[in-house]
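>>> Compute the structure for the input listed below.
(one chain, ligands or ions: 2)
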Amino acid sequence: MSLQLSVVVPCYNERENISPMVACLDKALAGIAWEVVFVDDNSPDGTADAARAIARVDARVRCIRRVGRRGLSSAVIEGALSSSADYVAVLDGDMQHDETRLPLMLKAVEDGADMAIGSRHVAGGASTGLSSSYRQKLSSAGIRIARAVTGADINDPMSGFFLLRRSLFEALAGRLNGQGFKILLDLVLASPNRLKIVEVPYEFRPRLAGESKLDALVMAQFAGLLVDKALGGAVPLRFISFALVGAFGVIINLAVLQLARGAGLSFAAAQTIGTFVAMIANFQLNNQLTYRTQRLKGRRVWSGLLLFMVVCSLGAIANIGIARALYAENTSGVLAGAAGAAIGVVWNYAVSATLVWRAR
Ligand code: GDD
Ligand code: MN
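Ligands and ions are numbered 1, 2, ... in the order given. This next block holds a predicted model:
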């Protein structure tokens with residue numbers, strides 16, 4: 001029998017959940033030629049080892065271990081692209097998604113739908129497994145925003161549980177953003193034509209073991225994905241993040257300047273301290289947020305910081321030089337300042353992207 005279904009399971013620190021997951025799939029997918037692909041981002045708890053132990057004796061189980069990278073969406077993409085089956089399903093590795101729904105979802109796509117989504121928000125579905133009312137509120141707010149920005153008519157656009165033809169996934173793969181958690185939304189938005197979507201209700205279960213990885217950073221990435229789509233992908237997300245961090249740096253600079261002057265320092269000394277504090281803060285924020293996927297660690301943080309400071313200092317010189325030249329030619333002060341700042345941030349971004357956080 002040829003391979004029908006690849007179940008892609010992104011997992012990070014899910015060691016305890018691997019074996020129960022395989023057992024449940026085995027039960028739920030009886031009669032279907034399936035495989036499961038665990039995509040692990042080098043979890044410290046040894047998730048990959050747990051998966052490989054089963055894979056050695058069960059050819060339906062595969063494991064992709066990625067190193068130096070993190071991310072639910074990109075893990076799903078790599079798992080799906082490793083598939084040779086007719087259909088690909090995506091399922092969380094913590095048993096919160098109801099795997100017994102998979103045959104129904106498969107049937108829906110075999111019968112002509114482009115995609116079947118496991119939905120908590122259609123009749124018969126439920127999100128009881130969301131740990132707190134805070135998470136419930138956050139979830140419904142996210143859904144409202146997603147629907148507004150994307151116009152996608154899906155009741156559970158934040159679902160991480162869906163099934164589609166592999167050929168469709170492959171066709172959309174090149175257009176995916178790949179950042180953050182929202183791979184489904186990413187796929188729907190990447191499609192040039194409106195997808196025919198069937199929503200299959202399921203009950204979101206409580207986590208079996210381990211803990212959720214959804215945190216403030218994941219939320220920020222989600223906001224970034226929406227901004228990116230709203231701008232039609234014209235402005236690189238990285239640049240927006242970099243510019244926002246830069247704006248924040250200006251505020252830090254001014255605050256420190258005020259404090260230092262209040263403490264009796266001269267303007268020049270206070271401004272120097274303010275600039276240094278702002279550069280260090282900006283470096284940290286960019287390292288944690290803008291360049292999260294290629295974050296500098298260990299000793300590289302220090303050389304990176306030094307390089308970043310040199311780059312930003314040159315950016316500042318360019319900024320002031322251009323603003324001065326324009327001002328001397330009778331451009332208004334505000335306009336001259338804005339032009340200088342714009343050149344400065346573009347310089348800082350372009351040069352630090354290639355020198356400080358160059359992709360390795
Ligand atoms: N490889 C990899 N890398 N896997 C990850 C990463 C990562 O960086 N982060 C999370 N995962 C895996 C987890 O191990 C888990 O199997 C799955 O992705 C979902 O992560 P959770 O942390 O359990 O997310 P959640 O339960 O809060 O939310 C999930 O369910 C919602 C309802 O469908 C996600 O799938 C949401 O996108 C979804 O809205
Ligand atoms: Mn979960």
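>>> Which pLDDT does the model give residue 162?
You'll see residue 162 listed with a pLDDT of 97.
>>> tell me which residues form a beta bridge with it?
residue 90, residue 117 (DSSP bridges).
>>> okay but it is in contact with residue 115, surely?
Yes. Counting by CB atoms under 8 Å, residue 162 does reach residue 115; the two are 5.9 Å apart. The C-beta positions use only the backbone N, C-alpha and C, and glycine is treated the same way.
>>> shared neighbours of those two, which are they?
When CB atoms under 8 Å, 6 or more residues apart in numbering defines a contact, no residue borders residue 162 and residue 115 alike.
>>> if you count what's nearby, which of those two comes out ahead?
Ranked by neighbour count (other CB atoms under 10 Å), residue 162 and residue 115 place residue 162 first, with 27 against 23.
>>> Got phi/psi on residue 221?
phi -70, psi -40 (degrees, to the nearest 10).
>>> That one - how many residues pack around it?
Residue 221 has 22 nearby residues by other CB under 10 Å.
>>> Residue 59 now?
Residue 59 has 8 neighbouring residues, counting by other CB under 10 Å.
>>> again, but for residue 306
Neighbours around residue 306, by other CB under 10 Å: 12.
>>> Also residue 315?
With other CB under 10 Å as criterion, residue 315 counts 23.
>>> Tell me if it really is in a strand.
No. Under DSSP: H, G, I helix; E, B strand; the rest coil, residue 315 falls outside any strand and is assigned helix.
>>> From ligand 1, how far out is it?
Residue 315 is 32 Å from ligand 1, where distance means CB to the nearest ligand atom, to the nearest Å.
>>> residue contacts, residue 343?
318-319, 322.
>>> Relative to residue 279, how far out is it?
Here residue 343 is placed at a distance of 18 Å from residue 279 (CB to CB, to the nearest Å).
>>> circling back to that earlier point, export the contacts of residue 343 as JSON lines, with columns for distance to residue 298, pLDDT and neighbour count.
Output for the contacts of residue 343, formatted as JSON lines (distance: CB to CB, whole Å; pLDDT from 0 to 100; neighbours: other CB atoms under 10 Å):
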{"residue": "318", "distance to residue 298": "31", "pLDDT": "84", "neighbour count": "16"}
{"residue": "319", "distance to residue 298": "32", "pLDDT": "84", "neighbour count": "21"}
{"residue": "322", "distance to residue 298": "37", "pLDDT": "83", "neighbour count": "19"}
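>>> Narrow the residues you listed to those in helices?
Among the contacts of residue 343, the subset assigned to helices under DSSP state H consists of 318-319, 322.
>>> Can you point out the buried residues in the host helix or strand of residue 306?
Here residue 306, judged by DSSP states H and E, is contained in helix 299-328. By neighbour count on 16 or more other CB atoms under 10 Å, the buried set for helix 299-328 is 304-305, 307-309, 311-312, 315-316, 318-319, 322-323, 326-327.
>>> Which is the succeeding secondary structure element to it?
helix 333-355.
>>> That next one vs helix 299-328, what angle?
150 degrees (axes from the mean of the first three to the mean of the last three CA atoms, to 10 degrees).
>>> Next, the buried residues of helix 333-355.
Applying 16+ other CB under 10 Å to helix 333-355 flags 336-337, 339-341, 343-345, 347-349, 351-353 as buried.
>>> Flag every buried residue along stretch 55-63.
55, 60-63.
>>> nearest to ligand 2, of those?
Using CB to the ion, the shortest approach to ligand 2 within these belongs to residue 63, at 19.3 Å.
>>> I'd like the distance between the closest one and residue 47.
9 Å.
>>> tell me, what's touching the two both at once?
Common neighbours of residue 63 and residue 47 (CB under 8 Å, 6+ apart) are 38, 40.
>>> contacting residues around the one residue in the stretch 101-250 of the chain that gets nearest to ligand 1?
Nearest residue of the stretch 101-250 of the chain to ligand 1: residue 160, at 2.2 Å (CB to the nearest ligand atom). Contact analysis of residue 160 by CB under 8 Å, 6+ apart lists 72, 90, 92, 97, 181, 183-184.
>>> Mind doing that once more with 6 Å?
Applying CB atoms under 6 Å, 6 or more residues apart in numbering, we find residue 160 in contact with residue 92.
>>> What strand or helix carries it?
Short version, using DSSP H and E: residue 160 is in no helix or strand.
>>> Specify the local secondary structure of the closest residue to residue 270 other than its chain neighbours.
Once flanking residues are discounted, residue 270 sits nearest to residue 260: 3.5 Å by CB to CB, 6 or more residues apart in numbering. The three-state label given to residue 260 by three-state DSSP is helix.
>>> No more questions from me, cheers.
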